[in-house]
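K.L.:
pasting the structure only:
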């Protein structure tokens, strides 16, 4: 069989962004799940139980190359080029004040996240969606009611904060390191476990969710 490049991409990443990407791969391998190749998870490989790993560190023409290559026999690795990237959709809409807003709606009809503000420019609303897609998967989760703090290492440029509201219900918000709330759950939960389930759904579904413009 001739060689075939199924997927190839190149982009700059921050150290945290790289750590997030590698953690997604490691988590999938550890659970025996299909490994996401691209950020959106539209290309995956269901790897065999055993494979070969080659690690190479090279300095060439003023650049350091750190390469990790994993190999499995063709019959032991199932490749999906049209994987179900997400079970949710970002809906972009204009509210009654002509401000652009977004919400993340699960296939079951539930709204699992929304933006914390309206935007005068549609491009800013789309940038808000992209920030959630980029930061949600690797964001640390902390319980601010217990004065927990996010670890210094790893994670993304945002943190999921769990807290209790005035009605003594658990809520979550995704806070960027610049202090801005870039997403929240939009509802309270009777237990912390339910709130965590809600934010985990955002973690897994936001990166590959399609963006659709809808009428309010």
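P.N.:
Arrived safely. All of these numbers come straight from a predicted model, not from anything done at the bench.
K.L.:
Contacts only, for the most centrally placed residue in the chain.
P.N.:
By Cα atoms, centre = their mean, the chain has its centre lying nearest to residue 137, at 2.8 Å. Contact analysis of residue 137 by Cβ atoms under 8 Å, 6 or more residues apart in numbering lists 20, 24, 156, 203, 204, 206, 207. Yep, even glycine has a C-beta here, placed from its N, CA and C like the rest.
K.L.:
Now render the residues you listed as TSV, adding secondary structure and pLDDT.
P.N.:
Shown next, in TSV, are those (DSSP: H, G, I helix; E, B strand; the rest coil; pLDDT from 0 to 100):
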residue	secondary structure	pLDDT
20	helix	72
24	helix	76
156	coil	87
203	helix	91
204	helix	85
206	coil	91
207	coil	85
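K.L.:
among the residues you listed, which two are most distant?
P.N.:
156 and 204 (14.3 Å; Cβ to Cβ).
K.L.:
Pick out whichever of those two has more residues nearby.
P.N.:
The neighbour count for residue 156 versus residue 204, taken as other Cβ atoms under 10 Å, is higher for residue 156 (23 against 16).
K.L.:
circling back: is it fair to say the residue nearest to the centre of the chain lies in a helix?
P.N.:
No - with DSSP: H, G, I helix; E, B strand; the rest coil as the criterion, residue 137 is coil rather than part of a helix.
K.L.:
what's the one helix or strand residue 54 maps to packed up against?
P.N.:
Per DSSP states H and E, residue 54 falls inside strand 52-60. With contacts taken as 3 or more Cβ pairs under 8 Å, 6 or more residues apart in numbering; DSSP states H and E, strand 52-60 sits against strand 63-71.
K.L.:
What lies in contact with the strand it packs on?
P.N.:
By Cβ under 8 Å, 6+ apart, strand 63-71 touches 47, 51, 52, 53, 54, 55, 56, 57, 58, 59.
K.L.:
next SSE after the helix or strand where residue 127 lies?
P.N.:
Remark: residue 127 resides in helix 122-135, with elements defined by DSSP H and E. Next helix or strand after helix 122-135 toward the C-terminus (DSSP H and E): strand 140-143.
K.L.:
Need the residues that contact the helix or strand just after that following strand.
P.N.:
Counting by DSSP H and E, the element after strand 140-143 in chain order, helix or strand, is strand 158-164. The contact list for strand 158-164 (Cβ under 8 Å, 6+ apart) reads 131, 135-136, 139-145, 150, 170-177, 182, 192, 195-196, 199.
K.L.:
Repeat that for stretch 82-93.
P.N.:
Residues contacting stretch 82-93 (Cβ under 8 Å, 6+ apart): 34, 36, 40-44, 100-107, 112, 122, 125-126, 129, 201, 204-216.
K.L.:
Check for me that residue 212 belongs to a strand.
P.N.:
Yes - secondary structure of residue 212 (three-state DSSP): part of a strand.
K.L.:
by contact count, what packs against the helix or strand of the chain with the lowest mean pLDDT?
P.N.:
One helix or strand of the chain scores below all others by mean pLDDT, DSSP states H and E: helix 15-31, with a mean of 78. Here helix 15-31 is seen to pack against strand 35-36 when contacts are counted using 3+ Cβ pairs under 8 Å, 6+ apart.
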